[in-house]
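A.B. asks: Requesting a structural model of the entry that follows:
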Amino acid sequence: MPTLFEVYKNACLKLENKSKDEINVRILLCHVNGLSNMSEFFIKKDDNIRDLPLFESMYSRFLDGEPIQYILGETEFFGSKFNVDKRVLIPRQETEEVALYALRKINSIFGNKKVAIADVCSGSGAIGISLAKHLKECDLFLSDISQDACDVSVENLSKNNVTGYVLHGDALKPFIKHGIKLDVIVSNPPYILNKDEVDESVLKYEPHNALFTTDELEVYRSILKDCYEVMNDKLLIVFEIGHDIKDKMIELLQELNIDCQFTYRKDINNKNRIFSILIENKIEA
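C.D. replies: All right, here's what the predicted structure looks like:
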């Protein structure tokens, strides 16, 4: 069997952009040999590779453009590991910012109070599960219109040793159906209109129903129309939004006559990405 470093050198010869992609070769080699980090790779680079056919199969998938997270079957988000495959989107760094912002808002508004949190359009469940792991106490609900996504959420609750409830359905409809009341809603719904905005690998491998829509405000509108039916005494809503729809979100609040305080903020790429709403006056929808 060749050594890890020999396999690494040969694999790098096939890369079109070595400076960008060679780290993914090391990630795959670490996975095949059960190494926990890059430091260990360099320490053990002269060890024989444990399963060359497995590496070659995974590397072929990578060269075909499949995301490294799907090849490995998991990704890291907010310091935790989550199962991901073609049934769900791969959580992005920008979404970590949404989770961090939501966590800070929850602590600021509710303090140590036990809160009921819904991650709507939850996909892998990464946002909701991450929040639950960083809060002292909460009731967690994950919901998605995709049964496949719900199945992945169940896996990730178990993987992260978090207790939660998974609901299959559109936006807040399953919460209304079951009479569930909430303090917090977080959501990263589909909001992309133009497929030209995303990379080819995203188009080829990630689920389109979690990305694209014919109406960029559709899910936001649905959640906001129904929010009074599910809220407790007050309701915090934190949305991830498309970078160019902030003004449309403000107009939507006015259109629906939502009595609230709202804020928005830019992400690390200086794009409007987070939109939060606080409703404190409970009225009939």
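A.B. asks: from here on, contacts and neighbour counts on C-alpha atoms
C.D. replies: Will do.
A.B. asks: Can you list the low-confidence ranges for this protein?
C.D. replies: 282-285 (pLDDT under 70).
A.B. asks: Domain-wise, how is it divided?
C.D. replies: According to automatic domain parsing, the chain comprises the domains 4-64, 80-279.
A.B. asks: Which of those domains sits closest to Y70?
C.D. replies: domain 80-279 (4.9 Å; C-alpha to C-alpha).
A.B. asks: okay, how far is it across the closest one, tip to tip?
C.D. replies: 31 Å (C-alpha to C-alpha, to the nearest Å).
A.B. asks: Can you verify F82 is assigned to a strand?
C.D. replies: Yes - assigned with DSSP: H, G, I helix; E, B strand; the rest coil, F82 falls within a strand.
A.B. asks: I figured it hits S158, correct?
C.D. replies: No - using C-alpha atoms under 8 Å as the test, F82 is too far from S158 to be in contact (10.1 Å).
A.B. asks: And those two? Which one has more around it.
C.D. replies: F82 (27 against 11; other C-alpha atoms under 10 Å).
A.B. asks: Quick check: bridge partners of that one?
C.D. replies: For F82, the beta-bridge partners are T75 (DSSP bridges).
A.B. asks: And it, how far from K136?
C.D. replies: 21 Å.
A.B. asks: Buried residues of stretch 1-20, list them for me.
C.D. replies: Under the neighbour-count criterion of 16 or more other C-alpha atoms under 10 Å, stretch 1-20 has L4, F5, V7, Y8, A11, C12 buried.
A.B. asks: The second one is in what secondary structure piece?
C.D. replies: It stands for F5. helix 4-12 (DSSP states H and E).
A.B. asks: what's next to that helix, contact-wise?
C.D. replies: Contacts to helix 4-12, defined as C-alpha atoms under 8 Å, 6 or more residues apart in numbering, come from residues K18, E22, V25, R26, L29, K44, K45, D46, D47, N48, I49.
A.B. asks: how about 7 Å then?
C.D. replies: Under the criterion C-alpha atoms under 7 Å, 6 or more residues apart in numbering, residues K18, E22, V25, R26, L29, K45, D46, D47, N48, I49 lie in contact with helix 4-12.
A.B. asks: So the last one is in contact with P2, correct?
C.D. replies: If I follow you right, that is I49. Yes - using C-alpha atoms under 7 Å, I49 is in contact with P2, at 6.3 Å.
A.B. asks: what about the strands in this structure?
C.D. replies: 74-77, 80-83, 115-120, 138-144, 165-168, 182-187, 231-240, 261-266, 272-279 (DSSP state E).
A.B. asks: got a markdown table for those, with distance to F62 too?
C.D. replies: Formatted as a markdown table, these follow (distance: least, C-alpha to C-alpha, whole Å):
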| stretch | distance to F62 |
| --- | --- |
| strand 74-77 | 15 |
| strand 80-83 | 18 |
| strand 115-120 | 31 |
| strand 138-144 | 29 |
| strand 165-168 | 32 |
| strand 182-187 | 30 |
| strand 231-240 | 29 |
| strand 261-266 | 32 |
| strand 272-279 | 29 |
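A.B. asks: what's the closest of these to P91?
C.D. replies: Of all the strands of the chain, strand 74-77 sits nearest to P91, with 6.9 Å by C-alpha to C-alpha.
A.B. asks: Just list what that closest one packs against, helices and strands only.
C.D. replies: With contacts taken as 3 or more C-alpha pairs under 7 Å, 6 or more residues apart in numbering; DSSP states H and E, strand 74-77 sits against strand 80-83.
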